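Asks: Pasting the sequence and the predicted model now:
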Amino acid sequence: MAVCCEDNEHDPRAKSVEEALEIILGASVPLSESEWLALDTALDRVLARDQVAASPIPAWPNSAMDGYALRSSDGDTPRQVVGSSFAGHPYVGSVAPGQAIRIMTGAIVPEDCDTVVPQEQTQRDGETVHFTSSIRAGANIRGIGDDLAQREVALPAGTQLRPSQIGVLASLGVAEVEVLRRLRVAFFSTGDELRAVGGTLRAGEIYDSNRHSLLALLRRLGCEAIDLGRLPDDPERIGNTLRHAGATADVLITSGGVSVGEADYIAELLQSLGSVQFWKMNMKPGRPLAFGRIGQADFFGLPGNPVSTIVTFYQFVAPALRKRMGCRAPWTAPRLRLPCATPIKKKPGRTDYQRGRLLPGPDGLQVAPVKTQSSHILTGMAQAECFLVIPAESGDLPAGTMVDVQLLEGMV
Ligand SMILES: Nc1nc2c(c(=O)[nH]1)N[C@H]1C(S)=C(S)[C@@H](COP(=O)(O)OP(=O)(O)OC[C@H]3O[C@@H](n4cnc5c(N)ncnc54)[C@H](O)[C@@H]3O)O[C@H]1N2
Ligand code: MOO
């Protein structure tokens, strides 16, 4: 437990966010062990190798519309309908000059035909079809390999399989896929004041929300989340758990106890059990953030304030985990530049990750910070759709200032 409230002064011993990210990403080594999974169990996993199209997609020229397939060289003259081609039931035979076939979307276009006329531009009279507008040669045919040529890489190694990528693999006929193993991420909360959700609180106690936020964040990323529970502010118990988890997990995350209070043991323990790269950063929220190694695990000691836990996870843990999971770069979130609709309050010194919302403006999208920016106000984080990233040296900013924005959706 820390002893004092936050201030905003620049601390020369603290790392800048840029330096911290460089150190963290530099230390994050991608996994290499892989396994084979049935396609439908591979959601959120990362491809171990390039996925190549064994045949072109589409494999046959096929119709983009329900209508009539014909030779455009006959001009707009009516055609005799000599057969039909349905998806899965191709037309067998030839289509001579002056003839056409009825065709459905996705059905093979016969070799003799070079054009499909949509049925809305036709009139049928018995076995003859007439055209109500001029025929456009080559129209409405999806060509062989339009999507993927034979042997073209459809999805490169390092692609995380989200729903669309699962669809692409299915379209290639892939039933089993080689993916990297899941990254094992162990985490626990520290603090005598913490109680499990569902229990009754006594004076001074709070529910352990950070562990639930972390579990949800890790699941969204696609990691194997190993929940080690809650520990009291007891250096011996915390030390034992760190030692044990450092021997089995790839990454170890704690929340709380990383500041300078008399019950904050994390930085000290990290120093004695492993190695510390840094434990202070010039950012807000999230000044105390320890990064190092314990046993075989990369270690992140996140600050206990609930907003600080989530913000530091988004900014530093998520990029590191993505890299360790074997995902392709970039590992950090893209930034947009958008005007801020309201003034921004900020003291120079630390890079600020203000929680913000998107709103329509006269010239397009704008952003505005949510009302409450304190690091203990978790609902402010929950209202946010984006971070407004305000550089360390910046002070208060007037309404209309262009700011860097990271959208939360897609960051994790
Ligand atoms: N003298 C100083 N005091 C503080 C400093 C400082 O630089 N000098 N930094 C402040 C900042 S900024 C932060 S952030 C906090 C971080 O401190 P700790 O990481 O040591 O976290 P705790 O003290 O254990 O807890 C802080 C706060 O968060 C609540 N908390 C902790 N764990 C959880 C949890 N699992 N779920 C929900 N809430 C949790 C805890 O009760 C405290 O209110 O230090 C400042 N102090
Ligand atoms: O400002 Mo602390 O950095 O509340 O996370």
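Replies: Nice, thanks for sending it over. Numbers count the residues shown, from 1 in each chain. Ligands and ions are numbered 1, 2, ... in the order given.
Asks: drop to CA atoms for contacts and neighbour counts, all remaining ones
Replies: Will do.
Asks: number of nearby residues for Glu127?
Replies: Residue neighbour count, defined by other Cα atoms under 10 Å, stands at 11 for Glu127.
Asks: How about it, nearest residue that isn't a chain neighbour?
Replies: The shortest distance from Glu127 to any non-neighbouring residue, by Cα to Cα, 6 or more residues apart in numbering, is to Val81 (5.4 Å).
Asks: Next, the one you found: secondary structure please.
Replies: What DSSP: H, G, I helix; E, B strand; the rest coil gives for Val81 is strand.
Asks: list the contacts for it?
Replies: 99-102, 127-129 (Cα atoms under 8 Å, 6 or more residues apart in numbering).
Asks: what about the nearest residue to Asp233 once chain neighbours are set aside, distance to ligand 1?
Replies: Using Cα to Cα, 6+ apart and skipping residues adjacent in sequence, the residue nearest Asp233 is Gly191, 5.1 Å away. Distance, Gly191 to ligand 1, using Cα to the nearest ligand atom, to the nearest Å: 6 Å.
Asks: Equivalent analysis for Val92, please.
Replies: For Val92, the distance to ligand 1 equals 69 Å [Cα to the nearest ligand atom].
Asks: same question, Arg230
Replies: When Arg230 is compared with ligand 1 (using Cα to the nearest ligand atom), they lie 8 Å apart.
Asks: which phi and psi does the residue nearest to Asp233 have?
Replies: For Gly191, the backbone dihedrals (degrees, to the nearest 10) come out as phi 150, psi 130.
Asks: got the contact list for it?
Replies: 1, 230-233, 256-257.
Asks: let's see 10 Å
Replies: Gly191 is in contact with 1, 205-206, 208, 230-234, 255-257, 263-264, 304, counting by Cα atoms under 10 Å, 6 or more residues apart in numbering.
Asks: I'd like the next helix or strand past the longest strand along the chain.
Replies: If you go by DSSP state E, the chain has its longest strand at strand 351-361. Where DSSP states H and E defines the elements, the next helix or strand beyond strand 351-361 is strand 364-369.
Asks: Could I get the average pLDDT for that following strand?
Replies: Strand 364-369 shows a mean pLDDT of 97.
Asks: Roughly how far does whatever residue of the stretch 101-250 of the chain ends up closest to ligand 2 sit from Ala216?
Replies: Ligand 2 sits closest to Asn210 of the stretch 101-250 of the chain, with a gap of 12.9 Å, by Cα to the nearest ligand atom. The spacing between Asn210 and Ala216, counted by Cα to Cα, to the nearest Å, is 10 Å.
Asks: Would you mark the buried spots in the helix or strand where Leu289 lies?
Replies: Per DSSP H and E, Leu289 falls inside strand 288-294. Using 16 or more other Cα atoms under 10 Å as the test for burial, strand 288-294 gives 288-294.
Asks: Neighbouring strands - and their directions - for that strand?
Replies: strand 275-280 (antiparallel), strand 297-302 (antiparallel) (DSSP bridges).
Asks: Can you dump the C-alpha atoms of it in CSV for me?
Replies: Output of strand 288-294 as CSV, limited to C-alpha atoms (Å, rounded to 0.1, in the frame of the first residue of the first chain):
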residue,chain,number,x,y,z
PRO,A,288,5.3,3.1,-10.5
LEU,A,289,5.7,0.3,-13.0
ALA,A,290,8.3,-2.3,-12.4
PHE,A,291,9.8,-4.2,-15.3
GLY,A,292,12.3,-7.0,-15.1
ARG,A,293,12.7,-10.8,-15.0
ILE,A,294,12.1,-13.5,-12.4
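Asks: Let me see the ranges of the helices in the stretch 301-412 of the chain.
Replies: 306-312, 318-324, 378-383 (DSSP state H, counting those that start in this stretch).
Asks: Out of these, flag the one nearest ligand 1.
Replies: Per Cα to the nearest ligand atom, nearest to ligand 1 of the helices of the stretch 301-412 of the chain: helix 306-312, 5.2 Å.
Asks: Does the closest one reach ligand 2?
Replies: Yes: using Cα under 6 Å from any ligand atom, we find that helix 306-312 touches ligand 2 at Ser308.
Asks: wait, does that helix contact ligand 1?
Replies: Yes: applying Cα under 6 Å from any ligand atom, one finds helix 306-312 in contact with ligand 1 at 306, 308.
Asks: Roughly how far does whichever residue of the chain sits closest to ligand 2 sit from ligand 1?
Replies: Ligand 2 sits closest to Gly286 of the chain, with a gap of 3.1 Å, by Cα to the nearest ligand atom. Taking Cα to the nearest ligand atom as the measure, Gly286 falls 5 Å from ligand 1.
Asks: domains for this structure, by residue range?
Replies: Domain ranges of the chain: 17-33+182-324, 34-56+155-180, 62-142, 336-407, per automatic domain parsing.
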